[in-house]
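Peer 1: got a predicted structure here, sequence first:
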Number of protein chains: 2
Amino acid sequence: MATITKVSPLAPASFPELPAIDGVRFATVEAGVRYQGRTDVMLAVLDPGTSVAGVFTRSATRAAPVLDCQEKIGGPSDGPAAILVNSGNANAFTGHYGQTSVAEVTQAVSKATGVPVERVFTSSTGVIGEPLPHDRIISQLEALKSGLSRHAIKDAARAIMTTDTFPKGASAQVEIGGKTVSIAGIAKGSGMIAPDMATMLVYIFTDARVEQSALQEMLSAQTDRTFNCITVDSDTSTSDTLLLCATGASGVDATANAAFAEALEGVMLDLAQQVVRDGEGATKFVEIRVTGAASDADAKTHGLAIANSPLVKTAIAGEDPNWGRIVMAIGKSGAAADRDKLSISFGDILVAENGWVSPNYREEDAAEYMKGQDLVIAVDLGLGEGKSTVWTCDLTHGYIEINADYRS
Amino acid sequence: MATITKVSPLAPASFPELPAIDGVRFATVEAGVRYQGRTDVMLAVLDPGTSVAGVFTRSATRAAPVLDCQEKIGGPSDGPAAILVNSGNANAFTGHYGQTSVAEVTQAVSKATGVPVERVFTSSTGVIGEPLPHDRIISQLEALKSGLSRHAIKDAARAIMTTDTFPKGASAQVEIGGKTVSIAGIAKGSGMIAPDMATMLVYIFTDARVEQSALQEMLSAQTDRTFNCITVDSDTSTSDTLLLCATGASGVDATANAAFAEALEGVMLDLAQQVVRDGEGATKFVEIRVTGAASDADAKTHGLAIANSPLVKTAIAGEDPNWGRIVMAIGKSGAAADRDKLSISFGDILVAENGWVSPNYREEDAAEYMKGQDLVIAVDLGLGEGKSTVWTCDLTHGYIEINADYRS
């Protein structure tokens, strides 16, 4: 696989300080699943009373751990819970052997931690189609168990990385009835990133108490506005998983609390944008704001058509204000558009309106704007009230380098 | 714009010998629309009695010449016809000015050639959003008219090129009732190539006689199996146009003739594949054969998902038999798939079956196969009788080079 030597130029300055979440402990280990000389397995153990909600890839070729998680989510929610994640091997398209690996690992975790097997969730990320050497993971469970700590969430963020160039974390705290509730999350993902849940592993923890079905409902709605609005390359992984765990250890019930929902959505959006910022080969972070569409769904269709267009993405890489390619992408998206009602801006620069280039547009202004690292492309369809914002990155030689030589 | 210095490694050895088609004459000229030192306008004049059928981009932001052609196709089909095409400027997203340009050009062609304006078809290809300097074209009409020749189809193929690295032509001859009918076509296109008609200019001529509505029906059906089955980058042009002209000069009626239909489809497929072979930056020509799908439509959805996946395309560029990415693309396509019924082959090498790697698969065999220039990826879904074949190319540094610097 390609060696990743450089941190993305779009990475945050440093990993954020994350608050410890009461009711959850983490441990990591070097199990040598595939990588050498780095941690590649993380275990999180959650106290009794934790609600767990999840969203998963919609791929028709989902990996065995995803199918196992999907069966378990929404099941009995008493007792403790555990999450075990390995990097280096996706345990995807591994037939019956893949299911056996999941069964072996979840049973071993259950035995080592005392968590009932129906509350043990696993994820695997890395190469597709190779058998998971699950014995290497199982042999490390005692070491993982004895290493559990409230303060190891940053180590967990590192252990789940594959082609990521930086670990991803985000947090929020919110006051509810005079008490503080905390949320902290980690994510991995940098390629094979596109909506439909899609394309990464994310684990978010809170000490709030939220009943499972309410937690699931909140998570699903917010995923549509966060993780389902990002795309690196339009490809969707077979393994993507987001688990949200509410331990309830704060004693504060946050069910249907608007401030909590807002804080959670902020954490999700922060993590989603960090995934884009680690997009394979990315040198530009691009926000695409679509307004005036016939519906919100149409706005998202247009936004993703722009975000996924190789011609738009290479123009951005080349710092070329090639708005004609934006017009092309809108035209091909399949959603409603009227050429003569469309307007397009780069940042504050109005580029096109009324079916043609804006009379005051000067290409040198836009060319200067495109040299920035964080770009906003705004499109107004002039048709209705539908809107959506999506985030993406550019398509560069770096993407080709990483992906023409990942596996060998 | 990027200077294209090298001919695609996938190009045919030479431009084919094309038969002259009775009833059509061509001329080309250097009008300096945008390019210097090369021809950039072609005129074809067709004798009275020619049927003209057309298919066009489905883009919602179609260019002015496309809208004009669409209005005219299916109209009166007596009298002569003319086709005028310029390269260098797409006259797309140019507002009312764009419509004015089309009106000026078509009226001037009508005046110069005596062809009624409702039978004058135009296409423009090149940069989007800049006004077409139509006076430069109009001032060359007399020169074009005096240069008309039955034998200039190869010059016409050259004049319509943009980022193409070679001119594209194909032909067929078929015996009907003891007489020979000829078909000859030319095409341009190398980027912004994806189905939904899509993405290129194609002009096909035959001396057969076919009534207009029958010609249109044949063309539309065959487009679905040829030009709508190719993709370079999933992007769809605002300008794409295919015109099929039957002059009838042979005196042979080919309406509903199966041999003629087959020969025409062969010409269309040949031209479509040449467009893929000139895909921007392409180093591999890839045929994706999907069988066993729940329906033909599902098979095409899977085929295009594979063909458009940046991760599949970069793996092919890297000569990496990364079949896990094929599984991923099938999974994300949205069409029906069952992980455990799927089989995947590279050429004759069975790679995956029954939800996992095939027991006899040796990666070194597949790695050797991937070094070839023409590759076949075969996928059987194991679900039904649906099938489709699509053609694409790999995604390389060359694509990034061409497209990160096209406009400036």
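Peer 2: Yes, it's here.
Peer 1: pull the helix or strand with minimum mean pLDDT from chain A.
Peer 2: Using mean pLDDT, DSSP states H and E, strand A:230-231 stands out as the lowest-scoring helix or strand of chain A, at a mean of 74.
Peer 1: run the chain-centre distance for the helix or strand just after that strand.
Peer 2: Next in sequence after strand A:230-231, counting helices and strands by DSSP states H and E, comes strand A:241-246. Centroid separation for strand A:241-246 versus its chain: 12 Å, with CA atoms, centre = their mean, to the nearest Å.
Peer 1: quick one, what contacts the residue lying closest to A:K188 once chain neighbours are set aside?
Peer 2: In space, and not counting its chain neighbours, A:K188 is closest to A:I160: 4.4 Å by CB to CB, 6 or more residues apart in numbering or on different chains. Glycine gets a C-beta too; all of them are placed from N, C-alpha and C. Taking CB atoms under 8 Å, 6 or more residues apart in numbering or on different chains, we find A:I160 in contact with A:42, A:85, A:87, A:123, A:125, A:186, A:188, A:201.
Peer 1: let's see 10 Å
Peer 2: Shown in contact with A:I160 (CB atoms under 10 Å, 6 or more residues apart in numbering or on different chains): A:28, A:39-42, A:85-87, A:123, A:125, A:167-168, A:186-189, A:200-203.
Peer 1: what of A:N89?
Peer 2: By CB under 10 Å, 6+ apart, A:N89 lies in contact with A:33-35, A:40, A:101, A:124-134, A:136-137, A:162.
Peer 1: and if we set it to 6 Å?
Peer 2: Taking CB atoms under 6 Å, 6 or more residues apart in numbering or on different chains as the criterion, A:N89 is in contact with A:33-34, A:124, A:126-127, A:130, A:132.
Peer 1: on the three-state scheme, the nearest residue to it once chain neighbours are set aside is what?
Peer 2: Using CB to CB, 6+ apart and skipping residues adjacent in sequence, the residue nearest A:N89 is A:G126, 4.6 Å away. Following DSSP: H, G, I helix; E, B strand; the rest coil, the label given to A:G126 is strand.
Peer 1: and stretch A:220-230, how far out from the chain middle?
Peer 2: A distance of 9 Å separates the centroid of the chain from that of stretch A:220-230, by CA atoms, centre = their mean.
Peer 1: and it, how far apart are its ends?
Peer 2: 15 Å (CA to CA, to the nearest Å).
Peer 1: that one vs chain B: in contact?
Peer 2: No. Counting by CB under 6 Å from any CB of the partner chain, chain B has no neighbours in stretch A:220-230; the shortest distance is 13.3 Å.
Peer 1: kindly report the same for stretch A:314-327.
Peer 2: Yes. Applying CB under 6 Å from any CB, one finds stretch A:314-327 touching chain B at A:314, A:317-318, A:320, A:322, A:324, A:327.
Peer 1: any idea how far the least confident helix or strand of chain A is from the chain center?
Peer 2: Averaging C-alpha positions (CA atoms, centre = their mean) puts strand A:230-231 9 Å from its chain's average.
Peer 1: residues making contact with stretch A:378-396?
Peer 2: Against stretch A:378-396 from outside (CB under 6 Å, 6+ apart): A:229-232, A:273, A:276, A:279, A:281-284, A:286-296, A:298-300, A:303-304, A:307, A:310, A:313-314, A:316-317, A:337, A:341, A:343-345.
Peer 1: identify each buried residue in that stretch, please.
Peer 2: A:378-383, A:386-396 (16 or more other CB atoms under 10 Å in any protein chain shown).
Peer 1: mind showing which ranges of the stretch 151-300 of chain A have poor pLDDT?
Peer 2: Residue ranges of the stretch 151-300 of chain A with pLDDT under 70: A:190-199, A:232-239.
Peer 1: now A:T163: how far from A:G88?
Peer 2: Going from A:T163 to A:G88 by CB to CB, to the nearest Å gives 11 Å.
Peer 1: so where do the helices sit in chain A?
Peer 2: A:64-72, A:95-113, A:134-138, A:141-146, A:153-159, A:212-225, A:258-277, A:296-308, A:310-317, A:323-332, A:363-370, A:397-403 (DSSP state H).
Peer 1: and those: which comes nearest A:V252?
Peer 2: Comparing these against A:V252 with CB to CB, the closest turns out to be helix A:258-277 (8.7 Å).
Peer 1: only the buried residues of that closest one, if you could.
Peer 2: Across helix A:258-277, burial judged by 16+ other CB under 10 Å covers A:260-261, A:263-277.
Peer 1: and the angle from it to helix A:212-225?
Peer 2: With axes from the mean of the first three to the mean of the last three CA atoms, to 10 degrees as the basis, helix A:258-277 and helix A:212-225 are set at 40 degrees to each other.
Peer 1: domain assignment for chain A?
Peer 2: A:24-277, A:285-403 (automatic domain parsing).
Peer 1: mind putting these into JSON lines with distance to B:T247?
Peer 2: Listed next are these as JSON lines, based on distance: least, CB to CB, whole Å:
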{"stretch": "domain A:24-277", "distance to B:T247": "44"}
{"stretch": "domain A:285-403", "distance to B:T247": "33"}
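Peer 1: hmm, A:F346 and A:A352 touching each other?
Peer 2: No. Taking CB atoms under 6 Å as the definition, A:A352 is not a contact partner of A:F346, at 10.0 Å.
Peer 1: what touches both of these two?
Peer 2: Counting by CB under 6 Å, 6+ apart, no residue touches both A:A352 and A:F346.
Peer 1: distance of the residue located most distally from the centre of chain A from chain B?
Peer 2: Here chain A reaches farthest from its C-alpha mean at A:P359, the gap being 40.4 Å by CA atoms, centre = their mean. Distance of A:P359 to chain B, given as CB to the nearest CB, to the nearest Å: 11 Å.
Peer 1: per-residue pLDDT, that residue?
Peer 2: Predicted confidence (pLDDT) at A:P359: the value is 89.
Peer 1: who's in contact with it?
Peer 2: Contacts of A:P359 by CB under 6 Å, 6+ apart: none found.
Peer 1: what's the answer for the one 3 residues further on, then?
Peer 2: A:R362 sits next to no residue when contact means CB under 6 Å, 6+ apart.
Peer 1: can you pull the residues of the stretch 251-400 of chain A lying near chain B?
Peer 2: Close to chain B, as judged by CB under 6 Å from any CB, the stretch 251-400 of chain A has residues A:309-311, A:314, A:317-318, A:320, A:322, A:324, A:327-328, A:330-332, A:337, A:339, A:355-357, A:397, A:400.
Peer 1: quick one: buried ones out of those residues?
Peer 2: Buried among those (16+ other CB under 10 Å): A:309-311, A:314, A:317-318, A:320, A:322, A:324, A:327-328, A:330-332, A:337, A:339, A:355-357, A:400.
Peer 1: before we move on, the earlier item: out of the contacts of A:N89, who has the most neighbours?
Peer 2: A:S124 (32 neighbours; other CB atoms under 10 Å in any protein chain shown).
Peer 1: excluding chain neighbours, give the residue nearest to it in space.
Peer 2: Closest to A:S124 by CB to CB, 6+ apart is A:N91, at 4.0 Å.
Peer 1: contact partners for that neighbour?
Peer 2: A:63-65, A:98, A:101, A:124, A:132.
Peer 1: now those residues in CSV, with pLDDT?
Peer 2: Putting the contacts of A:N91 into CSV (pLDDT from 0 to 100) gives the following:
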residue, pLDDT
A:A63, 85
A:A64, 90
A:P65, 91
A:G98, 91
A:S101, 96
A:S124, 92
A:L132, 94
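Peer 1: of the residues you listed, just say which sits nearest to A:L244.
Peer 2: A:P65 (17.0 Å).
Peer 1: could you measure from A:A404 over to B:V379?
Peer 2: 21 Å.
Peer 1: cool, and A:A172?
Peer 2: Distance, A:A172 to B:V379, using CB to CB: 45 Å.
Peer 1: tell me which parts of the stretch 1-150 of chain A are close to chain B?
Peer 2: Residues of the stretch 1-150 of chain A found near chain B (CB under 6 Å from any CB) are A:59-61, A:93-95, A:128-129.
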